[in-house]
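Q: Generate coordinates for the sequence data below:
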Amino acid sequence: MKKILLATVVAVVCSTSAVLAADMKVKAPAAPPPPPSPWDIAFGGGVYSDYVFRGISQSNHRPAVNAYFEPRYNLNENLQLYAGVGGWSLAFANRTSAEIDIYGGIRPVFGKLAFDFGVWYYYYPGGQCFNGNVDAFLNNFGADCVANADPVTLGLPISGNVIKRDLSFIEYFGRAQWTPTDTFGIGASVYYDPDWLQFGTDGLYASTGVKLTAPSAWMPAGTGVYLSAEIGRYWFGTADSFYCTVGGGVCGGPTAQFPNGTLYPFGIPLPDYTTWNVGIGLTWSVFTVDVRYYDTDLTEGACNALTSDFTATFNPANISAINPGGFGSKWCGQTYVISLKADLTWGSNIK
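A: Numbering: from 1, shown residues only. Down below sits the predicted model:
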């Protein structure tokens, strides 16, 4: 009897299990999430109390604005291609009021070490030529200079500074950044200009910098504080004869002696210089407020020879072989800059 009951129970259980199994719907495995897009877009802009580029004011110590747009393509998590366009408002010696930047490059990453290699084109539209010297026309430097009937200035600023109409130039660069921790980073950069501002000479700029960031545990959520500093050096050669000091009456004439040295009828040797800056910044979400101090080792006379500053003022102490007019520029001196910037990335900040 026990055997019969046990067999009956087993039969009922098996039949019930079979029925339940037949009624159950088999769920398909969840589809894997789609791979992230390799494309990304960075964009942003800022407002500055002064546009200082490698220690020299580009906006005559007046406020400036900028904006940029940079598409990016990630070949993999350690290699990115990018291209971009940006712009600045400025006040150059040739009276152009805008800088347009066109650039591109590649960014390899090896752990905590990141590199950036690329090319940059600085375009300055709407410039004017200033040069009253006959040599400028004989050498086709000033074919677009407009004659001026003013017997005193001959179309030049009162300082006598000359400048070409087109100052656009191309630059090649390489940068490296090592960030061993979230609070410390150090970097180095090298930039080469085959024809810096079309002065007829190349330029080489090298710099190194450090950045200290406050630990996130010290700050309210979404905010940050950093301290950063940079020091750089620019090396130049000799400018073409558009930027000469008069020797035998006109540029291109025989070399003449000057109380402060030899004049340069075929172009002045541009002064090399060192620049540095240090600042503190506060970040919140995509916004940054930065307060920074800039300075260089250029004298006002050397700064005038390098920039052709249209606001230069006379001081006998500024007289030298490369700056015989004695005018000096304050574009290269110490200055403080406060800026408000916003930097966004489509994949990170905007969904």
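
Q: Just the helices from this protein, written as ranges.
A: For the chain, helices defined by DSSP state H occupy the ranges 2-23, 134-138, 300-307, 346-349.

Q: which one is Y68 nearest to, not counting chain neighbours?
A: The shortest distance from Y68 to any residue that is not its chain neighbour, by Cβ to Cβ, 6 or more residues apart in numbering, is 3.4 Å, and that residue is G86. All C-beta spots, glycine's among them, are computed from the backbone N, C-alpha and C.

Q: Settle this for me: K112 is touching P180, isn't it.
A: Yes - counting by Cβ atoms under 8 Å, P180 is a contact partner of K112 at 5.5 Å.

Q: Specify the beta-bridge partners of the residue nearest to Y68.
A: Going by DSSP bridges, G86 is paired in beta bridges with Y68, D101.

Q: Pull up the per-residue confidence for it.
A: In this model, G86 is scored at 98, pLDDT.

Q: what residues are up against it?
A: Residues in contact with G86 (Cβ atoms under 8 Å, 6 or more residues apart in numbering) are N66, A67, Y68, F69, E70, I100, D101, Y103.

Q: what's the fourth one in contact with, if anything?
A: Residues near F69 by Cβ under 8 Å, 6+ apart: I41, A42, F43, G84, V85, G86.

Q: picking up where we left off before, tell me the one of the contacts of G86 nearest V291?
A: The shortest gap between V291 and any of the contacts of G86 belongs to N66, at 17.3 Å (Cβ to Cβ).

Q: Roughly how far does the closest one sit from T179?
A: When distance is defined by Cβ to Cβ, to the nearest Å, N66 is 25 Å away from T179.

Q: So which of the two has more stuff around it?
A: Each of N66 and T179 has its neighbours counted (other Cβ atoms under 10 Å); N66 has more, 19 against 16.

Q: Settle this for me: the more buried one is touching S89, isn't it.
A: Yes - between N66 and S89 a contact is recorded at 7.5 Å, counting by Cβ under 8 Å.

Q: what do the two both touch?
A: Residues touching both N66 and S89 (Cβ under 8 Å, 6+ apart): Y51.

Q: Tell me the confidence at L197?
A: If you check L197, the pLDDT there is 97.

Q: Can you give me the neighbour number for it?
A: By the other Cβ under 10 Å criterion, the neighbourhood of L197 contains 24 residues.

Q: 14 is where my numbering starts, stick with that
A: Shifting the count to begin at 14 puts that one at L210.

Q: which residues does the residue most central in space within the chain bridge with?
A: Central residue check for the chain by Cα atoms, centre = their mean: the C-alpha nearest the mean position is that of F66, 7.6 Å away. Using DSSP bridges, the bridge partners assigned to F66 are I69.

Q: And for N89?
A: Partner residues in beta bridges with N89, using DSSP bridges, are L92.

Q: Relative to P49, how far out is it?
A: Taken as Cβ to Cβ, the spacing of N89 relative to P49 amounts to 11 Å.

Q: same thing with V238?
A: Computed as Cβ to Cβ, the V238 to P49 distance reads 31 Å.

Q: Which of the two has more residues huddled nearby?
A: Neighbours were counted for V238 and for P49 using other Cβ under 10 Å; V238 has more, 14 against 10.
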